[in-house]
Each structure stands twice: as C-alpha cells, then as structure tokens.
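Chemist: Fold the stuff below for me.
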Amino acid sequence: MDGDPRGWRPCSLGGAVFAVCMAGTTLPTPLYGLYQEKFDFSELTVTVVYAVYAFGVIGVLLLAGNASDAVGRRPVLLWGLGFAALSAVCFLVATGLGWLYAGRLLSGLSAGLFTGAATAYVMELAPPGGSSRATFVATAANMGGLGCGPLLAGVLAQYAAWPLHLPFLVHLALVAGSAVVLLRLPETVRERRPLNSVRPQRPGLPPQVRAVFVPAATASFVGFALFGVFTSVSPAFLAQSLDVHNHAVSGLVVALAFFASTAGQLAVGRVGVGRSLPLGCAGLFAGLALLAGALRWDLLFLVVLSALVGGAGQGLAFRGALSAVAEASPADRRAAVISTLFVVAYAGISVPVIGVGLLADPIGLEGAGLVFIACMAVLVTTAAVYLLRRPVRAALRP
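Modeler: Numbers count the residues shown, from 1 in each chain. Next comes the predicted model:
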C-alpha cells in the first residue's frame, strides 16, 4: 500500500492543510518595511510585533498542546484555521499598530494548535508501513509552509496590486479551501473525550534527561533565534544596507532558510542523531559567521549563503535534538519534556530578536546584528564542545 497513490491521498491532503496554516505565520515577513512606512514605527517595534507570535505559540503548547488527543485532530485543526483566518483579517483591516499585534498573536495561537496536532494527524493518515514517508510529508509541510509564506507575500507585494492586502486575501482563500478539505478527511482519534478533560502541560525535566537536554536545547534556541532574526530584521537590512528594495528578493532569502532547514531535517535519517547534533551546531556556527560577514561587508551573496548553511544546520540540530531528548525521556514524562524543548526553542524566536531591536537604535542594525551573532556563537560553540566530549546516542524516531 506504501506505493499506492490513492492510499497516500489523505496524508498528502493533510500535509497541504498543514502547509497553508504555517505559511500564514510568515506571510507578513517581507511586508514589515511597508508597515513601518505606513504606521511610522521603529525597528524595535518590528521585532516586538514579530515576537508576539512566539508568545502565542508557547501559551498554546503549555495550555492546550495535548487537546487533539482528547477532542480529536479535526476540531483542533479547524480552530487553528479559524485563528489563521482571523489573523489575516487583522492584517487586512489594520489601521494602526494594535492590529498588527493582534494579527501576530492570533497567528501564534494558530501555529501552536497546528504544531503537534497536524504532525500527528499527517502521520496517522498514512497507510500502514508508511511512517518514514509520513514523517517526510509532515516535515516538508511544516518547514516548507513556513518558507512559502514570505515567498508568496514577497512576489505578490512586488508584482501585483494592493501589497498590504492581496497576500492576506489569497491566504484567506487558501484557508477556506483547507477547511473544506479538512472536513472531508477522516478523524483519526477513536476514543474522544470532552474538552474539559484537557489539562495544561507542565514543562518537566527528569534528572536522567538533563545531560542530553541542555546541549540539545541550547542548539535549538540558537537555531530558532537565527530564524527569528532572518524573518524579522533581514528585510530591513537588505533595504537599508544593501539597497535591495525588491520584496520578492527579501521573501526568497527568508524562504531559503526554511527550505534548507527541511533538507537538514531530512538528512538526519542518514547522518544519525549522534552526529546530527554536533554537525548541526557546526552548520549554525558557519551560518552565523556568514551572516557576520554579510553585515560587515554588505554582501548579498553572503546573506544567501548564511540562509542556506544556517538553515541546514538548524534542521540537523533541531530534529537531532528532538529525537535525542525523546529517546532519553521516560515514557510517562516524554510529552512534558518535548513541550519544554519547544518552549526553549520558541523563546529563541522572541527574546534575542527583541534584544536586536533594542540595540538597533543606539548602535545601528548592523552593530546589533553583530552583538547577536557573537552571543549566539558562544552558545552554539559551547553546545558543540559538550556534544563532542559526551556524544548523544539515540535512535531516530520515525
């Protein structure tokens, strides 16, 4: 059945729905410069608007990350699509900064609901014996969707009318189509419970996990921080320092980082978890070094190389971290430990990015970027040295 296209149709459609939702979370990336011109706010405000998304994701992961196990996958995913639609509406009608905050928060709620539920759903929709291929579908849908968001918005903003409206109208149409598809797909949770049975997931870290968790979480933090900087301030850097005002180019640079991450995650199966974490750290360090060179010498090709190398390193490090932490966790605490890893990773999207925004005014965007790079390089180097001295041994989970 693994080779029967009809058997894979539900899984593929579930992946498409997943991709549509995740694309909405990065859709505003190449448009922040236009919003700055329209509403006249600082680079710090751009980073805070971006970081609000992470707070929404973390809140949902902690409070309702396991909701789909109780009430079913489809109801949770429909709620996620509803939040995605409301987010698009906020950007469509935005007349001030408050609408952007609301849109990003709703986008975070949407991603928080989809992150765990859609991954599980895609894998459950696969035919028997297809877990490895289903993992590919889920990974490609998640990171590929994140990459398609800025690419779609950048192309539409550059080459079509209504740059601050058309991308969100297109996304609303895609969300509506996804809801129709989702209603036609089967529910995979057989024994459902009422919503009031869902309890918040408390982050947990059993003693036997800590030796693996600390370097894994550090690498995850740096990888997500690199993505945070790319998606929040790289369009401004391209415009201010490299005189690149083409929104499609800005969107493509960000998209390349996410596409490279997909390739890095898929490579873990061949590289192995034990080697993927230190290799991922090396890739992240190289990506940071290339970004430093791009900031220092104002070279576009170094920005592109940084996106590709750093993105691949993030993919290797994060999937390796997830597999290693899951393998080291006791079965009855695994969900709590993985939730803790995601909380640390999404903190990487918000905290360092806001730091860059705070430093951008007094020392400039390039100076702030170099401070960020130095801090992240120290963290990822420390994690790599630790991993080389105490290698992680874990089997890759399908």
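
Chemist: how about low-confidence regions in the stretch 51-200 of the chain?
Modeler: In the predicted model, the stretch 51-200 of the chain carries no residue with pLDDT under 70.

Chemist: show me where it has helices.
Modeler: For the stretch 51-200 of the chain, the helices defined by DSSP state H, counting those that start in this stretch cover 67-71, 73-92, 97-124, 131-159, 166-184.

Chemist: If you count contacts, what does the first one end up packed against?
Modeler: Meaning helix 67-71. Contacts defined by 3 or more Cβ pairs under 8 Å, 6 or more residues apart in numbering; DSSP states H and E place helix 67-71 against helix 73-92, helix 97-124. To be clear about C-beta, it is placed using only N, CA and C from the backbone, and glycine gets the same treatment.

Chemist: buried ones in the longest one?
Modeler: Residues of helix 97-124 classed as buried: 99-124 (neighbour count, 16 or more other Cβ atoms under 10 Å).

Chemist: picking up where we left off before, just send the helices and strands packed on helix 67-71 back as JSON lines, with distance to residue 240 too.
Modeler: Below are those laid out as JSON lines (distance: least, Cβ to Cβ, whole Å):
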{"stretch": "helix 73-92", "distance to residue 240": "23"}
{"stretch": "helix 97-124", "distance to residue 240": "20"}
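
Chemist: what about the ones you listed, which gets the closest to residue 169?
Modeler: Closest approach to residue 169 among the helices and strands packed on helix 67-71 (Cβ to Cβ): helix 73-92, 7.0 Å.

Chemist: Would you mind listing the buried residues in that closest one?
Modeler: Counting neighbours by 16+ other Cβ under 10 Å, helix 73-92 gives 73-92 as buried.

Chemist: and if you look at stretch 55-66?
Modeler: 55-62, 64-66.

Chemist: Let's have those residues in CSV, adding distance to residue 198.
Modeler: Shown next, in CSV, are the buried residues of stretch 55-66 (distance: Cβ to Cβ, whole Å):
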residue, distance to residue 198
55, 20
56, 18
57, 17
58, 17
59, 14
60, 12
61, 13
62, 12
64, 6
65, 9
66, 7
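
Chemist: Just the ones of those in strands?
Modeler: Residues of the buried residues of stretch 55-66 located in strands (DSSP state E): none.

Chemist: of the residues you listed, closest to residue 234?
Modeler: Distances from residue 234 to those, taken by Cβ to Cβ, are shortest for residue 57, at 20.5 Å.

Chemist: Next, the contact list for the closest one, please.
Modeler: 108-109, 111-112, 115, 346 (Cβ atoms under 8 Å, 6 or more residues apart in numbering).

Chemist: got it, and residue 41?
Modeler: 35, 97.

Chemist: ditto for the one 4 residues further on
Modeler: Residues counted as contacts of residue 45 (Cβ under 8 Å, 6+ apart) are 97, 357.

Chemist: Would you check that residue 109 makes contact with residue 83?
Modeler: Yes. If you go by Cβ atoms under 8 Å, residue 109 and residue 83 touch, sitting 4.6 Å apart.

Chemist: returning to that earlier point: which one, of the helices and strands packed on helix 67-71, ends up nearest to residue 161?
Modeler: Once these are compared by Cβ to Cβ, helix 73-92 is nearest, at 14.3 Å.

Chemist: name the helices or strands packed onto the closest one?
Modeler: helix 5-26, helix 67-71, helix 97-124, helix 166-184.

Chemist: got the buried residues for the helix or strand where residue 313 lies?
Modeler: Element membership for residue 313, per DSSP states H and E: helix 300-328. Judged by neighbour count using 16+ other Cβ under 10 Å, the buried positions of helix 300-328 are 302-328.

Chemist: Same question for stretch 370-390.
Modeler: 370, 372-373, 376-377, 379-384, 386-387.

Chemist: could those residues be laid out in JSON lines, adding distance to residue 247 and secondary structure?
Modeler: Below are the buried residues of stretch 370-390 laid out as JSON lines (distance: Cβ to Cβ, whole Å; DSSP: H, G, I helix; E, B strand; the rest coil):
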{"residue": "370", "distance to residue 247": "26", "secondary structure": "helix"}
{"residue": "372", "distance to residue 247": "24", "secondary structure": "helix"}
{"residue": "373", "distance to residue 247": "25", "secondary structure": "helix"}
{"residue": "376", "distance to residue 247": "27", "secondary structure": "helix"}
{"residue": "377", "distance to residue 247": "30", "secondary structure": "helix"}
{"residue": "379", "distance to residue 247": "32", "secondary structure": "helix"}
{"residue": "380", "distance to residue 247": "31", "secondary structure": "helix"}
{"residue": "381", "distance to residue 247": "35", "secondary structure": "helix"}
{"residue": "382", "distance to residue 247": "37", "secondary structure": "helix"}
{"residue": "383", "distance to residue 247": "35", "secondary structure": "helix"}
{"residue": "384", "distance to residue 247": "36", "secondary structure": "helix"}
{"residue": "386", "distance to residue 247": "41", "secondary structure": "helix"}
{"residue": "387", "distance to residue 247": "39", "secondary structure": "helix"}
